[in-house]
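Q: Based on what follows, work out the 3D shape:
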Amino acid sequence: DTLGVEHILEGSVRKAGATVRITAQLIQVDDGFHLWSETYDRELTDIFAIQDEISSAILEQLRAHLVGLEQAPALVAADRTDSEVYDLYLLARQRMYERKKLSIESAAELLDKAIAADPEYAPAYAQRGITALLLSEESYGELANSEATSQGRLYLDRALQLDPDLAEAWAGLGLYHSSRPGEFPQAIEALEKALALNPNLIDASNWLQIAYGETGESRRALAILEDMVARDPLYPPGYSNAIYVYNYFDMQDKSWALLERVRPFMPGDPNILQAEARIWMSVARPSKALPLLEQAHASQPNDRVTSDIRSEALLGTAQFERAAEGGSPWARVLAMTRLGRGEEARLLASQLAGEGLVWPMLAHLVVTGQYAALAQFVDSRWTDLAAFEAENPDSGDGYHPMLNIAVAYARLGDEERFGDAMRRVRAAHDRARLQYAEHGGLLFGEARYFAMLGDTEQAVAYLEQAMERHFRPSVPLHEITPELEPLRGDPRYQALLARMNELLNGERAELGLDPVST
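A: Predicted structure coming up:
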C-alpha cells in the first residue's frame, strides 16, 4: 500500500566459483500469487552481458503478464567496467540515497576506490562530483561551499568528457548550478537534459523541482514532487520536500497523510522527525517542532535543512541567545542583530554575502538603520536592480530582499530607484499570488509594500490576514521593518502586537520558558 504498486518483481543472486544463479519472480501484491518465475544459470565471463540478457528476458515476461504494458521502457545497456568497480559504484549509490553525512562520506570513499581501479569509468566520476556537492556546509557536510563546488565541478567535467550523454553527470551539473547565485536557469537546463536522457533519475527530478521552486514556479515543483512520491514514497528528499511544498499551499492534511504513510518504515529517523517538525512550523507551533528538531539535530548536526528549521523555531520562540550561538549562519546574523551585537552580525553577514547569500546583510542593515551602507552594498555588487533580481529572484515568500532595498532608497530620498524597486516587488508578489495559496510570508510582504506607499488601511488588513495564516514573529514588527513604524498609533495594529505576544508566550510556556514582553 505504501508503495502504491500492484505487482512486485523479486530477485536473488547466488555465486559459486565462476557460476552465477539469478532467480526472478513476478508476484501479485494483493494475494501473493506468483505470476511467473525463472532461474538463470550463467558463467561469469561477462557480467554486463549477462545483465543485459536477463533484463531483456524479464522485460519480455513483464510485457506478457502485465495487462496494459504494451511498450516497456527501453533498456540502457550496463556501463562497461570491471564487476568489482561496478559493485563499488552501486554500493555508493545506495548509501547516497540515505542522505546522511556519514553515508555520503562512505559513498565518496567507495567512489574514490572505483575511480582508482578504473579511471575511465564516467558514472563513478559523476557520482563523486555529486557527493562533493552534497557534503558542502550548505547541505549535509562540512566542506566550505567554495571547495565543494570547485571539487564537484572537476569530477562532473571529467564525467562529461568521458561520456557527454551521461544523465547522472548532467544531473550533477544541475545541482552544481543550483548551488551558485543566479544560476537557476542553467540548473534547469542541465536537469531537464538529464531527465530527457533518463526520465527515472529521481535525484534529477528532486533538484529540478527545487530550482523551479526557487524561481517561483511552485506549481510545477509540486507536480514533480507528487510524481516522485508516487514512484518512490520512501525517497527522503521526495517526501520531505513534498511536505514542505504542501505546507506552503496550506495543504497540511496532505502533509500529515504522507508523513503517516512513510513513518512506519523509518520510525525515529531524523528525516521523519524533520518532516513532522516542518508541519508544526507551518501552523506556527514551534513548541511542537523544537523537541523533534533537537532529536534530529543531535543525530545529524551537519544537516542544513534540520539546522535551518531548528533556527526558525529558536527565533520563533524568542530564544535569541541560543540562535546566536548555535543556529544556522543566517539565523545567527538575525539573532545577534536583535541582541545588539551589531559588529559580530555585520562580519558574519559580510562572510555570507561573499558566499552568495545576501539577504541577511540586507536585513541587518535595514534593522540597524544603515540605509546608506545598504545602498552602497547594492551599488557595489550589481549594475542595477535588474541584475540584482536576476541573481536573487523572489521565491514566492514575499520579496523581502527587494523590499529592504526599497526601504533604503526611500529613506535616502532616491525616488527613481525606490520606484524601480517597488515595481519589481509588485510584479514578484503578483506572480507569487498566482502560484501559492496566500501564506503568511507573502501577506506580510504585501503589508510592507502598502505601508511604504502610505496605505495604512491596506497594510493593517494584510497583517491581520498574515496572522490568520500563521505568521507569528517573536519581535514587534516595526522594530524589524521600519516602514511599519507609522502604524504604531493604529489600535488594530496594537491589538495585533498584543495577540502575537500572547501566542508567543503560549509557545514559550509549552517549552518551560518564562514569558517575554514585546
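Q: If you average pLDDT per helix and strand, which one of the protein comes out bottom?
A: Lowest mean confidence among the helices and strands of the chain (mean pLDDT, DSSP states H and E): helix 47-65, at a mean of 69.
Q: Please spell out which residues along whichever helix or strand comes after that helix are buried.
A: The helix or strand immediately downstream of helix 47-65 is helix 83-97, counting by DSSP states H and E. Buried residues in helix 83-97, counted by 16 or more other C-beta atoms under 10 Å: Val85, Tyr86, Leu88, Tyr89, Ala92, Arg93, Arg95, Met96, Tyr97. All C-beta atoms are positioned from the backbone trio N, CA, C, and that covers glycine.
Q: Dump those residues to JSON lines, plus pLDDT.
A: Supplementary listing: the buried residues of helix 83-97 in JSON lines, determined by pLDDT from 0 to 100:
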{"residue": "Val85", "pLDDT": "92"}
{"residue": "Tyr86", "pLDDT": "89"}
{"residue": "Leu88", "pLDDT": "94"}
{"residue": "Tyr89", "pLDDT": "95"}
{"residue": "Ala92", "pLDDT": "96"}
{"residue": "Arg93", "pLDDT": "94"}
{"residue": "Arg95", "pLDDT": "94"}
{"residue": "Met96", "pLDDT": "94"}
{"residue": "Tyr97", "pLDDT": "88"}
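Q: Which member of these is positioned nearest Leu191?
A: Nearest to Leu191 among those, counting by C-beta to C-beta, is Met96 at 17.0 Å.
Q: Please give me every residue in contact with the residue lying closest to the closest one once chain neighbours are set aside.
A: Closest residue to Met96 apart from its sequence neighbours, by C-beta to C-beta, 6 or more residues apart in numbering: Ala107 at 4.6 Å. When contacts are counted by C-beta atoms under 8 Å, 6 or more residues apart in numbering, Ala107 touches Leu91, Ala92, Arg93, Arg95, Met96, Gln127, Thr131.
Q: contacting residues for the fifth one?
A: By that I understand Met96. Ser103, Ile104, Ala107, Gln127, Ile130, Thr131, Leu134.
Q: Now name the helix or strand holding the third one.
A: Of the helices and strands defined by DSSP H and E, Ala107 is found in helix 101-117.
Q: Show me what secondary structure element comes after that helix.
A: Proceeding N to C from helix 101-117, the next assigned helix or strand is helix 122-134, under DSSP H and E.
Q: quick one: the helices in the stretch 251-400 of the chain?
A: Ranges of helices within the stretch 251-400 of the chain are 252-262, 270-282, 286-299, 304-316, 320-326, 329-338, 342-354, 359-367, 371-381, 385-391, 400-412, based on DSSP state H, counting those that start in this stretch.
Q: Including mean pLDDT, distance to Leu222 and mean neighbour count, could the ones you listed go into JSON lines?
A: Output for the helices of the stretch 251-400 of the chain, formatted as JSON lines (pLDDT from 0 to 100; distance: least, C-beta to C-beta, whole Å; neighbours: other C-beta atoms under 10 Å):
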{"stretch": "helix 252-262", "mean pLDDT": "95", "distance to Leu222": "10", "mean neighbour count": "17"}
{"stretch": "helix 270-282", "mean pLDDT": "95", "distance to Leu222": "15", "mean neighbour count": "23"}
{"stretch": "helix 286-299", "mean pLDDT": "96", "distance to Leu222": "22", "mean neighbour count": "20"}
{"stretch": "helix 304-316", "mean pLDDT": "95", "distance to Leu222": "18", "mean neighbour count": "23"}
{"stretch": "helix 320-326", "mean pLDDT": "97", "distance to Leu222": "30", "mean neighbour count": "18"}
{"stretch": "helix 329-338", "mean pLDDT": "98", "distance to Leu222": "25", "mean neighbour count": "23"}
{"stretch": "helix 342-354", "mean pLDDT": "96", "distance to Leu222": "29", "mean neighbour count": "17"}
{"stretch": "helix 359-367", "mean pLDDT": "98", "distance to Leu222": "24", "mean neighbour count": "23"}
{"stretch": "helix 371-381", "mean pLDDT": "97", "distance to Leu222": "33", "mean neighbour count": "16"}
{"stretch": "helix 385-391", "mean pLDDT": "95", "distance to Leu222": "24", "mean neighbour count": "16"}
{"stretch": "helix 400-412", "mean pLDDT": "98", "distance to Leu222": "22", "mean neighbour count": "23"}
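Q: Could you dump these into CSV with distance to Glu168 added?
A: Putting those into CSV (distance: least, C-beta to C-beta, whole Å) gives the following:
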stretch, distance to Glu168
helix 252-262, 25
helix 270-282, 22
helix 286-299, 28
helix 304-316, 22
helix 320-326, 36
helix 329-338, 31
helix 342-354, 31
helix 359-367, 32
helix 371-381, 34
helix 385-391, 28
helix 400-412, 34
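Q: And those helices: which comes nearest Gly32?
A: helix 252-262 (21.8 Å).
Q: roughly how far out does that closest one sit from the chain middle?
A: 18 Å (C-alpha atoms, centre = their mean, to the nearest Å).
Q: for stretch 231-251, same thing?
A: Computed by C-alpha atoms, centre = their mean, the chain-centroid distance of stretch 231-251 equals 10 Å.
Q: Now that stretch - C-alpha only, PDB.
A: What follows is stretch 231-251, C-alpha atoms only, in PDB (Å, rounded to 0.1, in the frame of the first residue of the first chain):
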ATOM      1  CA  ARG A 231       7.200   6.400  -7.800                       C
ATOM      2  CA  ASP A 232       9.200   6.200  -4.600                       C
ATOM      3  CA  PRO A 233       7.500   7.400  -1.400                       C
ATOM      4  CA  LEU A 234      10.500   6.400   0.800                       C
ATOM      5  CA  TYR A 235      13.000   8.600  -1.000                       C
ATOM      6  CA  PRO A 236      13.900  11.000   1.800                       C
ATOM      7  CA  PRO A 237      14.200  14.200  -0.200                       C
ATOM      8  CA  GLY A 238      11.000  13.400  -2.000                       C
ATOM      9  CA  TYR A 239       8.600  13.000   0.900                       C
ATOM     10  CA  SER A 240      10.400  15.800   2.900                       C
ATOM     11  CA  ASN A 241      10.200  18.300   0.100                       C
ATOM     12  CA  ALA A 242       6.600  17.300  -0.800                       C
ATOM     13  CA  ILE A 243       5.600  18.000   2.800                       C
ATOM     14  CA  TYR A 244       7.400  21.400   2.600                       C
ATOM     15  CA  VAL A 245       5.500  22.400  -0.500                       C
ATOM     16  CA  TYR A 246       2.200  21.100   0.700                       C
ATOM     17  CA  ASN A 247       2.600  23.300   3.700                       C
ATOM     18  CA  TYR A 248       3.200  26.300   1.600                       C
ATOM     19  CA  PHE A 249      -0.100  25.600  -0.200                       C
ATOM     20  CA  ASP A 250      -1.900  25.200   3.100                       C
ATOM     21  CA  MET A 251      -2.400  21.500   2.400                       C
END
